[in-house]
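J.: Next input, structure requested:
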Amino acid sequence: MTATIKGIIPVMLTPFTEANAIDYPGLEKLIEWYIANGADALFAVAQSSEMQFLGLDERVALARFVAKQAAGRVPVIASGHVSETREDQITELTSIARTGVDGLVLVTNRFDPKGQGGSVFMDNLRGLLSALPAGLPLGLYECPAPFRRLMSDDELAFCADSGRFAILKDVSCDLATVQRRVALTKSTSLAIVNANAAIAFDAIKSGSAGFTGVFTNFHPDLYKWLLTSYSRHPALADELSVYLALAAMAEPMGYPKLAKLYHQRLGTFSSIRSRAVDFDIRERFWALDALLDKIMQGQASFRARIAAAG
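T.: Okay, here's the model as predicted:
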């Protein structure tokens with residue numbers, strides 16, 4: 001592995017054209033926006049990318065495009081296995097592995113897709129590991145769709161001790177769990193990266209190796225400052241952490257289409273079309289544009305204060 005997979009890791013959007021195809025010129029601009037705004041790595045073909053609504057050929061093409069466009073400036077990790085059977089998952093993941101990405105992310109609920117419990121998770125994980133390229137760094141993602149499947153300490157310890165895993169996208173949304181996992185993996189190469197905005201600051205102070213929540217699609221630069229500079233300006237960092245947590249409360253209001261509306265405002269791409277959210281978010285969530293105004297006002301205020309703090 002040529003780069004460490006930690007820090008601020010946006011969970012990438014997939015822009016679509018009005019004809020419902022992937023908007024590659026828009027995606028190129030989005031990748032450049034992430035990198036310009038402090039991304040340390042990019043997580044392509046994730047739930048935010050609407051991977052459950054992409055065909056395998058689209059998932060492969062998406063991963064390949066992001067890896068090529070990033071061109072080694074930041075590591076690119078990708079997932080994209082959404083099937084239930086081991087055979088289909090092997091097909092999905094080996095296809096993604098050949099795209100040039102720097103890491104392959106395994107979704108934890110796919111190892112026990114029917115919620116059977118017992119040894120099913122470990123049996124499927126071991127079977128999949130034996131089929132994947134031995135030299136490619138792996139990640140773990142407790143994806144909340146179609147259901148959230150948190151890893152046990154024993155399962156996490158197995159992955160950490162294997163030496164094959166570089167990152168866990170932690171979706172426990174529980175500070176005590178993050179702290180326990182950080183301690184459990186302390187002497188290994190497996191980084192714990194929290195994905196919940198409400199606990200982001202406390203998780204960072206507790207050893208979470210960055211942040212990879214959905215609002216990295218709005219202000220990754222503010223999370224980057226929180227990660228790298230909180231000790232120099234603790235009072236400002238505390239205020240910023242409150243703003244970031246409250247801004248992220250907008251997530252249920254039609255995300256990822258909400259984030260696409262934000263990027264439409266920025267001019268990153270033109271369409272807010274989403275395969276995952278097929279309704280009019282402005283109609284369902286009243287005053288949505290006014291809320292985005294306030295989120296952007298808060299961004300501007302904190303960016304000015306950060307610049308003044310030096």
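J.: can you list contacts of stretch 198-206?
T.: Stretch 198-206 is contacted from outside by 173-175, 178-179, 182, 194, 196, 208, 210-211, 213, 223, 226-227, 230, 237-238, 241, 244-245, 248, using C-beta atoms under 8 Å, 6 or more residues apart in numbering. (Each C-beta comes from the backbone N, C-alpha and C, glycine too.)
J.: hmm, try it at 7 Å
T.: Taking contacts as C-beta atoms under 7 Å, 6 or more residues apart in numbering, the residues outside stretch 198-206 that touch it are 173, 175, 178-179, 182, 194, 211, 213, 223, 226-227, 230, 237, 241, 244-245.
J.: Would you mind putting the CA coordinates of it into CSV?
T.: Extracted C-alpha coordinates of stretch 198-206, given in CSV (Å, rounded to 0.1, in the frame of the first residue of the first chain):
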residue,chain,number,x,y,z
ALA,A,198,-22.7,14.0,16.4
ILE,A,199,-19.7,12.3,18.0
ALA,A,200,-17.1,13.3,15.4
PHE,A,201,-15.1,15.7,17.6
ASP,A,202,-15.1,13.4,20.6
ALA,A,203,-14.2,10.4,18.4
ILE,A,204,-11.3,12.3,16.9
LYS,A,205,-10.0,13.2,20.4
SER,A,206,-10.4,9.5,21.3
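J.: That one: which residues count as buried?
T.: 198, 199, 200, 201, 203, 204, 205, 206 (16 or more other C-beta atoms under 10 Å).
J.: How far does that stretch sit from its chain's centre?
T.: Stretch 198-206 sits 16 Å away from the centroid of its parent chain (C-alpha atoms, centre = their mean, to the nearest Å).
J.: and if you look at stretch 129-136?
T.: 22 Å.
J.: so what does the host helix or strand of residue 224 touch, helix or strand wise?
T.: Taking DSSP states H and E as the criterion, residue 224 maps to helix 220-229. The contact analysis (3 or more C-beta pairs under 7 Å, 6 or more residues apart in numbering; DSSP states H and E) places helix 220-229 against strand 7-8, helix 200-205, strand 210-211, helix 234-247, helix 288-309.
J.: Tell me which of those is the most buried.
T.: Stretch with highest mean neighbour count among these: strand 210-211 (a mean of 26; mean count of other C-beta atoms under 10 Å).
J.: which helices and strands sit right next to that one?
T.: Counting contacts by 3+ C-beta pairs under 7 Å, 6+ apart, strand 210-211 is packed against strand 7-8, strand 191-194, helix 220-229.
J.: and those, which is most packed in?
T.: Highest mean neighbour count of the helices and strands packed on strand 210-211: strand 191-194, a mean of 28 (counted as mean count of other C-beta under 10 Å).
J.: would you put the C-alpha positions of it in PDB?
T.: Below are the C-alpha coordinates for strand 191-194, written out as PDB (Å, rounded to 0.1, in the frame of the first residue of the first chain):
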ATOM      1  CA  ALA A 191      -7.700   2.400  11.400                       C
ATOM      2  CA  ILE A 192     -11.000   3.100  12.900                       C
ATOM      3  CA  VAL A 193     -12.700   6.000  11.100                       C
ATOM      4  CA  ASN A 194     -16.000   7.300  12.600                       C
END
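J.: what about that strand, distance to the chain center?
T.: 11 Å.
J.: before we move on, what about stretch 291-301?
T.: 22 Å.
J.: contacting residues around it?
T.: 218, 219, 222, 243, 247, 250, 261, 262, 265.
J.: want to throw these into TSV with pLDDT and distance to residue 137?
T.: Formatted as TSV, those follow (pLDDT from 0 to 100; distance: C-beta to C-beta, whole Å):
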residue	pLDDT	distance to residue 137
218	98	28
219	98	27
222	98	28
243	98	34
247	98	31
250	98	33
261	98	34
262	98	31
265	98	35
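J.: Can you name every helix or strand that the lowest-mean-pLDDT helix or strand in the chain contacts?
T.: Within the chain, confidence by mean pLDDT, DSSP states H and E is lowest for helix 120-129 among all helices and strands, at a mean of 93. The contact analysis (3+ C-beta pairs under 7 Å, 6+ apart) places helix 120-129 against helix 86-97.
J.: So which elements touch whatever helix or strand comes next after the helix it packs on?
T.: Sequence order places strand 103-107 as the next helix or strand after helix 86-97, per DSSP H and E. Counting contacts by 3+ C-beta pairs under 7 Å, 6+ apart, strand 103-107 packs against strand 76-78, helix 86-97, strand 138-141.
J.: what's the average pLDDT for strand 103-107?
T.: The pLDDT scores in strand 103-107 average 97.
J.: and that strand with helix 120-129, angle?
T.: Angle of strand 103-107 versus helix 120-129, following axes from the mean of the first three to the mean of the last three C-alpha atoms, to 10 degrees, is 150 degrees.
J.: angle of the least confident helix or strand of the chain against helix 86-97?
T.: Going by the same axes, to 10 degrees, helix 120-129 is angled at 50 degrees with respect to helix 86-97.
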